[in-house]
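Student: generate coordinates for the sequence data below:
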Amino acid sequence: MSNCVVAQSGGPSSVINATVAGIIKANQLNPIYDHVYGGLNGIEGILKQNFVDLTRMTEHENLVLRQTPSSALGSCRYKLKRRNVEDFEKIISTMEKFDIETLFYVGGNDSMDTVAALTEYTAANGITGRRFIGCPKTIDNDLMVIDHAPGFASSAKFIATTALQCWQDLHVYPRSRKEVFILETMGRDAGWLAASACLSGIVDVLIVPEVAFDKEVVLERIRDCIEVKAKCFVVISEGAHYEDGTYIAAAEAKNDIFGHAVLGGAGKALEQMILDENVCTRVKVQDLSTAQRCHASEQSQIDVIESFRLGLSAHMRSMDKSFTGKMVCLKRRTDVQEYDVEYFAVDADQVANYVRNFPVEWLLPDFWGITEEAINYMKPLIQGTPAIIMKDGLPEQTIPYYLGGKTIE
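Tutor: Numbering: from 1, shown residues only. Next comes the predicted model:
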């Protein structure tokens, strides 16, 4: 038998490790590979031949890995460019050296582009016996084809919970104390995360990238809310922008190596507008920043289970020697009454470099929030809370493999 390697790329989530745990567990139950290696720091680790052996992980270690947030194998933002043939040659050479037949790559649409590019390279050069399989994840929920991306549900649950708890804090003072609370979420191009705050039922104003920011309308909306309730709870996505595409973020946006805008500060920018226009004299801003993707004690049980099973499905499908260049997906079943999903696969290039926006038909006019249809879509995803394994009063976590894990030679 040959070996396989699993690696992680892009922004982490609180359940990305559950997919890795699923691949490892699947191979223990059905050992179609001699070894399951972990590539440290994504495609960079594979290029550098930095691997750890995950084959004989214990059941306890597997359970702890599922509840550990972020990327236990480490991540990267490495762009595999098709014109850089040296990278492709090095990856294939490394796979040959370690007798690696299959690379499972866990990530978002840029990671699926890596899967597609490697598949194209092997096909164009007549290389056989090397296969590439994508496993989706992203808290932004902006992947095409798939019903929802593993990682989104847990972030949505955290965001909605945080909104509900901050709302309680906002309302402790009497009506004479008028105040605006602004919650800023991630979401450069898509408003799924900001919209998920509406699951709390307390959001007064919702600002997402799918609808151009209208300063006059938004401030009037906040002013009206203050007039009626003395308080106003606003949720804004980091990618909020004007009609011309200019981000409202206070800091000038810069681009990462993929050409994506690196944002932050939309909440502070809105705060300044509110103060400058004398809409309200008290404004608080809470930027959820990294917390919304690494707060694993707020995991959705549905999310963990689906992420784990996606890893099982990816491993099972890899038994087919012709299975390559695919992303394993999940879709909501329509033939049963209760919520359930089934797994399928699509070509990775159908997902790579595309963005699925939050449906504008699910947005209420004038920044009022989201429709009942949107709530019905998201509500099943956040159900259940996993039983957390504790150690010394805190959730037990896997020590990241890139911090001293013994690499193989």
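
Student: tell me which residue of the protein is furthest from the middle?
Tutor: Farthest-out residue of the chain from its mean C-alpha position, per CA atoms, centre = their mean: Ser176, at 40.5 Å.

Student: for it, give me phi and psi.
Tutor: The phi/psi pair for Ser176 (degrees, to the nearest 10) reads phi -70, psi -20.

Student: same question for Glu89.
Tutor: According to degrees, to the nearest 10, Glu89 has phi -60, psi -40.

Student: roughly how far apart are it and Ala123?
Tutor: 15 Å (CB to CB, to the nearest Å). Backbone N, C-alpha and C define where each C-beta goes, glycine included.

Student: related to what we said a few turns ago, confidence score at the residue farthest from the centre of the chain?
Tutor: pLDDT recorded at Ser176 is 87.

Student: chain neighbours aside, what residue packs nearest to it?
Tutor: Ala230 (7.6 Å; CB to CB, 6 or more residues apart in numbering).

Student: Phe104 now?
Tutor: Val6 (4.2 Å).

Student: Tyr402 now?
Tutor: Nearest one to Tyr402, counting by CB to CB, 6+ apart, is Gly74 at 3.8 Å.

Student: in three-state terms, how would the one you found be classified?
Tutor: Secondary structure state of Gly74, per DSSP: H, G, I helix; E, B strand; the rest coil, is coil.

Student: ok, it to Asp53 distance?
Tutor: 16 Å.

Student: again, but for Cys329
Tutor: Taking CB to CB, one finds Cys329 at 29 Å from Asp53.

Student: between these two, which one's more packed in?
Tutor: Neighbour totals were compared for Cys329 and Asp53, and Cys329 leads with 24 against 16 (other CB atoms under 10 Å).

Student: you'd agree that one is in a strand?
Tutor: Yes. Cys329: assigned to a strand according to three-state DSSP.

Student: does it touch Asp347 like I think?
Tutor: No. Assessed by CB atoms under 8 Å, Cys329 is found out of contact with Asp347, at 10.8 Å.

Student: just give the closest residue to Ser297, not the sequence neighbours.
Tutor: Pro395 (5.7 Å).

Student: phi, psi for the one you found please.
Tutor: The phi/psi pair for Pro395 (degrees, to the nearest 10) reads phi -60, psi 130.

Student: if I look at Arg130, how far off is Asp99?
Tutor: Taken as CB to CB, the span from Arg130 to Asp99 is 11 Å.

Student: right, and Ser9 touches Ser111 too?
Tutor: Yes. Assessed by CB under 8 Å, Ser9 is found in contact with Ser111 at 4.3 Å.

Student: give the residues shared as contacts by those two.
Tutor: Gly42, Tyr105 (CB atoms under 8 Å, 6 or more residues apart in numbering).

Student: which is the next helix or strand following whichever helix in the chain runs longest?
Tutor: Counting residues, the longest helix found in the chain (DSSP state H) is helix 152-170. Per DSSP states H and E, the first helix or strand lying C-terminal to helix 152-170 is strand 179-185.

Student: residues in contact with the helix or strand just after that following strand?
Tutor: Note on strand 179-185: by DSSP H and E, the next helix or strand toward the C-terminus is helix 192-196. Residues outside helix 192-196 that contact it (CB under 8 Å, 6+ apart): 139-142, 152, 155-157, 159-160, 185-187, 206-208, 235-237, 292, 358, 362-363, 370, 374, 378.

Student: and the average pLDDT for the host helix or strand of Gln272 is what?
Tutor: Assigned by DSSP H and E, Gln272 belongs to helix 266-276. Helix 266-276 shows a mean pLDDT of 96.

Student: what's in contact with that helix?
Tutor: By CB under 8 Å, 6+ apart, helix 266-276 touches 180, 182-184, 207, 215, 218-219, 222, 234, 236-240, 247-250, 279-281, 283, 285-287.

Student: any chance you could map the strands in the stretch 201-350 of the chain?
Tutor: Secondary structure of the stretch 201-350 of the chain (DSSP state E, counting those that start in this stretch): strands located at 205-207, 231-237, 254-255, 261-262, 283-287, 326-332, 341-347.

Student: among those, which is nearest Ile146?
Tutor: Checking the strands of the stretch 201-350 of the chain against Ile146 by CB to CB gives strand 326-332 as the closest, at 4.5 Å.

Student: neighbouring strands for that closest one, and are they parallel or not?
Tutor: strand 131-136 (parallel), strand 341-347 (antiparallel) (DSSP bridges).

Student: C-alpha coordinates for that strand, CSV please?
Tutor: In CSV, the C-alpha atoms belonging to strand 326-332 read as follows (Å, rounded to 0.1, in the frame of the first residue of the first chain):
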residue,chain,number,x,y,z
LYS,A,326,-12.5,16.8,-6.6
MET,A,327,-13.9,18.6,-3.6
VAL,A,328,-16.1,16.6,-1.3
CYS,A,329,-19.3,18.5,-0.6
LEU,A,330,-22.4,18.3,1.5
LYS,A,331,-26.0,19.2,0.6
ARG,A,332,-29.2,19.3,2.6
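
Student: flag every buried residue along that strand.
Tutor: Within strand 326-332, the residues that qualify as buried are Lys326, Met327, Val328, Cys329, Leu330, counting by 16 or more other CB atoms under 10 Å.

Student: how much does the helix holding Gln272 deviate in direction from strand 231-237?
Tutor: Calculated by axes from the mean of the first three to the mean of the last three CA atoms, to 10 degrees, helix 266-276 forms an angle of 140 degrees with strand 231-237.

Student: just the C-alphas of helix 266-276, formatted as PDB.
Tutor: C-alpha atoms of helix 266-276 as PDB (Å, rounded to 0.1, in the frame of the first residue of the first chain):
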ATOM      1  CA  ALA A 266     -15.700  49.200   9.800                       C
ATOM      2  CA  GLY A 267     -17.300  49.400  13.200                       C
ATOM      3  CA  LYS A 268     -15.000  52.200  14.300                       C
ATOM      4  CA  ALA A 269     -15.700  54.100  11.100                       C
ATOM      5  CA  LEU A 270     -19.500  53.800  11.700                       C
ATOM      6  CA  GLU A 271     -19.000  54.900  15.300                       C
ATOM      7  CA  GLN A 272     -17.300  58.100  14.100                       C
ATOM      8  CA  MET A 273     -20.100  58.800  11.700                       C
ATOM      9  CA  ILE A 274     -22.700  58.400  14.500                       C
ATOM     10  CA  LEU A 275     -20.700  60.800  16.700                       C
ATOM     11  CA  ASP A 276     -20.000  63.300  14.000                       C
END
